[in-house]
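Undergrad: whatever this is, show me its structure:
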Amino acid sequence: MGNAVLVHGAWSDGSVWQEVVGHLHQQGHQALSVQLPMTSLADDIAWTRRHIDAMEGPLTLVGHSYGGTVISGAALDRPQADSLVFVAAYVPEEGETVGTLSDRGAEMPGRAALRFAADGWSHVDPALFGDALAHDLPPRLARSLAAAQKPTHAACLTAPAPRGAWHELPCGYVLSAEDRILDPRLQRWFAARAGAVVTELPSSHLSPLSHPGEVAAAISATLERGGFREPIRGGSARGVDRGPARLTVVRGGRCGSRLRRGQNDHKVA
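TA: Prediction:
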């Protein structure tokens, strides 16, 4: 049995994990879903650390989308955090932001749905929410998610990330191959820079809702491995390649091909 702290992304809340939590509990794990304030990256990291400190024993931090930036910072100086799982998530190097990383990938159609107000708060246009984030979910559910979305302040998306804990901890990555807002090729690059074990799903950005069983299985596999390997250190934001790291790709629960890590200081093609 293991412990998992689950962190949601932007324009979302902890309920995105509800089905995943159910699967993890059935498998004998303890899971806690964080409700981020979404006021700044620093606030979200601090709030996540409160939840880490409230749990006993080793744990895995899981982040969806922007939540990847949060868990990578929150795990620093928290010895009970022994692994990370990124779910269609950002894996930032120190000093990188969600915006600068998004610009390294292709221009995704879902980004046209984002709306930013003069006061810094942002949301996803409800009329475009389903197509941008949740095209493989039932339309009724997508409309409900759009209506209940949590506004996100620009201070979350533009703040430079601290040094990433993925440099020291073993990582898993759940890749959404049909994502319309976070370039799947960029996701693959994130996974490669972290030396992650990859589960690839034919999913929209909201894989915790469209493929909860498979996402839970990837988390459970990490929990059961614990500190399953020496970390493979990714290249730095300055374009330093630190060796031929490789990662295992799992599609639909089956072990597939291996993928070589790419260079870091360029736009992902």
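
Undergrad: show me the helices in the protein, by range?
TA: Under the criterion DSSP state H, helices of the chain are mapped to 18-26, 41-54, 67-74, 98-102, 126-133, 139-148, 154-158, 184-193, 207-210, 212-225.

Undergrad: next, the angle from the third one to helix 41-54.
TA: Orientation of helix 67-74 against helix 41-54 (axes from the mean of the first three to the mean of the last three C-alpha atoms, to 10 degrees) gives an angle of 70 degrees.

Undergrad: what helices or strands is helix 67-74 leaning on?
TA: Under the contact criterion of 3 or more C-beta pairs under 8 Å, 6 or more residues apart in numbering; DSSP states H and E, helix 67-74 touches strand 3-7, helix 41-54, strand 59-64, strand 81-87. For every residue, glycine as well, the C-beta is placed using N, CA and C.

Undergrad: now those in a markdown table, with distance to L157 and mean neighbour count?
TA: Shown next, in a markdown table, are these (distance: least, C-beta to C-beta, whole Å; neighbours: other C-beta atoms under 10 Å):
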| stretch | distance to L157 | mean neighbour count |
| --- | --- | --- |
| strand 3-7 | 15 | 26 |
| helix 41-54 | 8 | 18 |
| strand 59-64 | 14 | 29 |
| strand 81-87 | 17 | 28 |
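
Undergrad: could the ones you listed go into TSV alongside distance to E168 and mean pLDDT?
TA: Putting the helices and strands packed on helix 67-74 into TSV (distance: least, C-beta to C-beta, whole Å; pLDDT from 0 to 100) gives the following:
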stretch	distance to E168	mean pLDDT
strand 3-7	17	97
helix 41-54	15	97
strand 59-64	13	98
strand 81-87	10	97
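
Undergrad: switch these over to a markdown table; also include distance to V197.
TA: Below are those laid out as a markdown table (distance: least, C-beta to C-beta, whole Å):
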| stretch | distance to V197 |
| --- | --- |
| strand 3-7 | 16 |
| helix 41-54 | 22 |
| strand 59-64 | 12 |
| strand 81-87 | 9 |
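
Undergrad: of these, which is nearest G105?
TA: For G105, the closest of the helices and strands packed on helix 67-74 is strand 81-87, at 14.9 Å, according to C-beta to C-beta.

Undergrad: give me the sheet partners of the closest one and which way each runs.
TA: Sheet pairing of strand 81-87 (DSSP bridges) gives strand 59-64 (parallel), strand 171-176 (parallel).

Undergrad: the ones you listed: which one's closest to F116?
TA: Closest to F116 of the strands paired with strand 81-87, according to C-beta to C-beta: strand 59-64, at 20.8 Å.

Undergrad: what residues does that closest one touch?
TA: By C-beta atoms under 8 Å, 6 or more residues apart in numbering, the list of residues contacting strand 59-64 from outside reads 2-9, 12, 16-17, 48, 52, 69-72, 74-75, 80-89, 207-208, 219, 222-223.
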